[in-house]
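Colleague: just coords:
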């Protein structure tokens with residue numbers, strides 16, 4: 001996201017629509033839905049953390065993926081009650097044996113620190129309904145129902161507070177007690193009014209008794225829009241700066257959550273997080289999981305961290321402690337391995353912004369205040385790292401983080417962009433990082449479509465940068481497009497912009513933004529074209545005309561383009 005767009009997003013979150021006495025601001029980014037929201041400082045602090053520890057720990061840790069002597073390979077092991085399936089009375093009986101005496105919250109926080117993690121999220125209640133905290137709503141919790149008798153959430157929250165580690169909780173909005181054993185494959189269970197009241201009471205408990213909460217990781221279920229708003233507002237009423245996950249659904253979250261072990265392949269304009277399990281088949285402890293190739297697993301997660309951070313997101317990596325509370329040694333070793341790589345390279349990760357490049361043939365990049373960081377995944381044979389589109393930027397002498405023996409030549413800039421030769425990367429270890437300081441602002445010319453001989457430019461929808469609404473009404477709800485963006489290599493002057501579209505059931509309107517200037521465009525029902533006259537603004541976008549289509553501003557999370565766009569065409573004004 002460019003700095004202007006980021007600022008507008010933060011401004012929108014700081015001042016939601018309900019805060020304005022008059023009309024909400026018109027921006028090309030979606031505003032949050034009405035209601036209290038974290039302020040800009042809290043949002044930025046959350047985004048700057050980049051790397052966190054997810055912990056799936058509960059009754060399901062005790063059977064460890066095995067029931068009646070059978071390995072339950074279908075589904076995640078934390079959902080063994082559903083996938084085995086296990087009669088509810090038999091599953092609840094696990095509580096009588098749940099005594100995780102080896103759970104060491106201070107050691108877990110120290111392990112997270114050793115991994116370079118900057119926040120922790122613990123499963124306070126999963127789909128089985130068993131609370132890892134002391135709840136007054138029933139006695140199905142770790143204090144009242146187990147020989148352990150201690151509040152696990154409280155123990156870890158206190159350990160995090162002692163270490164000044166931000167702490168968050170996972171809360172499943174479904175609870176199989178309320179479903180009477182009627183498991184749904186995608187856990188998209190509707191939430192009954194009585195269950196919503198129960199959830200609300202537990203949410204208030206979690207927000208009231210465990211100190212500052214950095215985020216609430218809601219998950220699954222298919223709540224109504226009103227229920228989603230109710231859950232989010234309950235969090236913000238008691239913890240104003242807590243970030244609510246998008247899996248509260250219906251666009252009520254403060255940050256988007258990708259699918260399990262997934263990363264986005266589209267533009268993201270709001271804070272987002274990629275949750276990842278150590279192994280794709282489970283999040284909770286699985287005793288028979290094959291754990292091998294430790295160095296490969298460390299590299300796998302370094303690469304995933306780099307990809308997520310270079311795309312502007314936060315990476316949340318999970319561990320699943322054993323039933324006695326101990327951390328699996330293999331998983332601890334993976335975390336320490338990531339930390340060993342990250343410790344001398346942290347400046348390239350924490351507090352950085354997304355890569356300013358669409359793609360790099362050698363790897364990935366992040367952007368600091370005055371430093372460009374290059375992660376070299378595939379070292380070029382000639383040792384030259386090419387940065388397409390870089391213009392009008394003054395670079396200082398670069399360096400390779402954690403390897404003073406490697407040498408970085410001065411950055412050269414030509415018509416194609418910048419390039420820099422790095423020698424000695426072979427000895428820099430896995431995923432070496434090159435730091436290139438620069439003065440002032442880093443300017444990157446976007447890829448732009450050139451006009452034909454007639455001066456016209458055609459911009460197909462397929463080639464646009466797509467911006468999507470995520471975390472709609474459930475896990476399997478498809479994302480929807482709210483913005484398309486293109487760049488055209490056009491000179492100063494006036495142009496006629498024509499939108500070709502289809503699939504509008506009724507007449508509609510959208511906004512066309514050209515170099516940041518907004519004009520409304522009416523679309524007749526059905527399919528066809530709509531045109532308006534626009535002007536190129538070289539001061540706003542000096543390197544290429546920027547064209548965007550959005551809903552009519554101000555628009556909000558969940559709003560979508562009112563038509564299916566086929567293409568945008570630009571022709572010089574007055575052309576036949």
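Modeller: All right, it came through fine. The model shown is predicted, which means the values in this text are computed figures rather than measured ones. Numbers count the residues shown, from 1 in each chain.

Colleague: Beyond the worst-scoring helix or strand of the chain on mean pLDDT, next helix or strand please.
Modeller: Across the helices and strands of the chain, mean pLDDT, DSSP states H and E gives its lowest value to helix 3-14, namely a mean of 36. Scanning forward in sequence from helix 3-14 by DSSP states H and E, the next helix or strand is helix 40-49.

Colleague: buried sites along that following helix?
Modeller: 40, 42, 43, 45, 46, 47, 49 (16 or more other CB atoms under 10 Å). Where you see a C-beta, it was placed from the backbone N, CA and C, and this is true even at glycine.

Colleague: secondary structure element for residue 226?
Modeller: helix 225-238.

Colleague: Give me the nearest residue to residue 441, chain neighbours excluded.
Modeller: residue 393 (7.3 Å; CB to CB, 6 or more residues apart in numbering).

Colleague: For residue 409, see how far away that neighbour is.
Modeller: 16 Å (CB to CB, to the nearest Å).

Colleague: So between those two, which is more surrounded?
Modeller: residue 393 (18 against 14; other CB atoms under 10 Å).

Colleague: May I have the phi/psi pair for residue 425?
Modeller: The phi/psi pair for residue 425 (degrees, to the nearest 10) reads phi -70, psi -20.

Colleague: same thing with residue 430?
Modeller: phi -70, psi 140.

Colleague: How about the contacts made by it?
Modeller: Counting by CB atoms under 8 Å, 6 or more residues apart in numbering, residue 430 makes contact with 299, 302, 341.

Colleague: For the second one, pull up the helix or strand it's in.
Modeller: When secondary structure is defined by DSSP H and E, residue 302 falls within helix 294-310.

Colleague: Give me the helices and strands touching that helix, please.
Modeller: Under the contact criterion of 3 or more CB pairs under 8 Å, 6 or more residues apart in numbering; DSSP states H and E, helix 294-310 touches strand 272-276, strand 314-319, helix 329-342, strand 363-367.

Colleague: wait, which of the contacts of residue 430 is closest to residue 206?
Modeller: Among these, residue 302 lies closest to residue 206 (CB to CB), at 32.6 Å.

Colleague: where does the closest one sit relative to residue 338, distance-wise?
Modeller: According to CB to CB, residue 302 and residue 338 sit 6 Å apart.

Colleague: Could you save the contacts of residue 430 as JSON lines and add columns showing pLDDT and distance to residue 217?
Modeller: Shown next, in JSON lines, are those (pLDDT from 0 to 100; distance: CB to CB, whole Å):
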{"residue": "299", "pLDDT": "98", "distance to residue 217": "27"}
{"residue": "302", "pLDDT": "98", "distance to residue 217": "23"}
{"residue": "341", "pLDDT": "97", "distance to residue 217": "26"}
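
Colleague: which of those has the most neighbours?
Modeller: residue 341 (22 neighbours).

Colleague: for this protein, what are the low-confidence residue spans?
Modeller: Along the chain, segments meeting pLDDT under 70 span 1-24, 180-181.

Colleague: can you give me the helices in it?
Modeller: 3-14, 40-49, 80-83, 88-92, 105-114, 152-163, 176-179, 193-208, 225-238, 294-310, 329-342 (DSSP state H).

Colleague: Of these, which stretch is the most buried?
Modeller: Neighbour counts (mean count of other CB atoms under 10 Å) averaged over each of the helices of the chain peak at helix 80-83, with a mean of 24.

Colleague: any idea how far that one is from the chain center?
Modeller: Helix 80-83 sits 28 Å away from the centroid of its parent chain (CA atoms, centre = their mean, to the nearest Å).

Colleague: Other residues contacting that helix?
Modeller: Contacts for helix 80-83 (CB under 8 Å, 6+ apart): 60, 63, 65, 67, 72, 74-76, 86, 88, 91, 127-128, 176, 183, 284.

Colleague: let's see 6 Å
Modeller: Outside helix 80-83, the residues that touch it by CB atoms under 6 Å, 6 or more residues apart in numbering are 60, 63, 72, 74, 75, 91, 128, 183.

Colleague: Could you do stretch 63-70 as well?
Modeller: 72, 77, 80, 84, 86, 285, 286, 287.

Colleague: Go through it and flag the buried ones.
Modeller: 63, 64, 65, 66, 67.

Colleague: Okay, the residue of the chain most remote from its centre and residue 500: tell me how far apart.
Modeller: In the chain, the residue that sits farthest from the middle, by CA atoms, centre = their mean, is residue 576; the gap is 46.7 Å. Distance from residue 576 to residue 500, counting by CB to CB: 19 Å.

Colleague: neighbours of residue 369, just the number please.
Modeller: Neighbours of residue 369 (other CB under 10 Å): 7.

Colleague: I'd assumed residue 153 was in contact with residue 134.
Modeller: No: judged on CB atoms under 6 Å, residue 134 makes no contact with residue 153 at a distance of 8.4 Å.

Colleague: What segments of the stretch 401-550 of the chain are strands?
Modeller: 407-408, 412-414, 417-423, 433-439, 443-444, 457-460, 465-469, 480-488, 494-504, 508-514, 517-523, 526-535, 545-550 (DSSP state E, counting those that start in this stretch).

Colleague: Check which helices and strands the longest one is in contact with.
Modeller: Counting by 3 or more CB pairs under 6 Å, 6 or more residues apart in numbering; DSSP states H and E, the packing neighbours recorded for strand 494-504 are strand 526-535, strand 564-572.

Colleague: how much does it deviate in direction from strand 517-523?
Modeller: 40 degrees (axes from the mean of the first three to the mean of the last three CA atoms, to 10 degrees).

Colleague: ok, how many other residues are close to the residue nearest to residue 564 when sequence neighbours are not counted?
Modeller: With CB to CB, 6+ apart as the criterion, residue 564 has its nearest non-adjacent residue at 4.2 Å, and that residue is residue 503. Neighbours of residue 503 under the rule other CB under 10 Å: 11.

Colleague: do the one 10 residues further on as well
Modeller: The burial metric for residue 513, expressed as a neighbour count using other CB under 10 Å, is 20.
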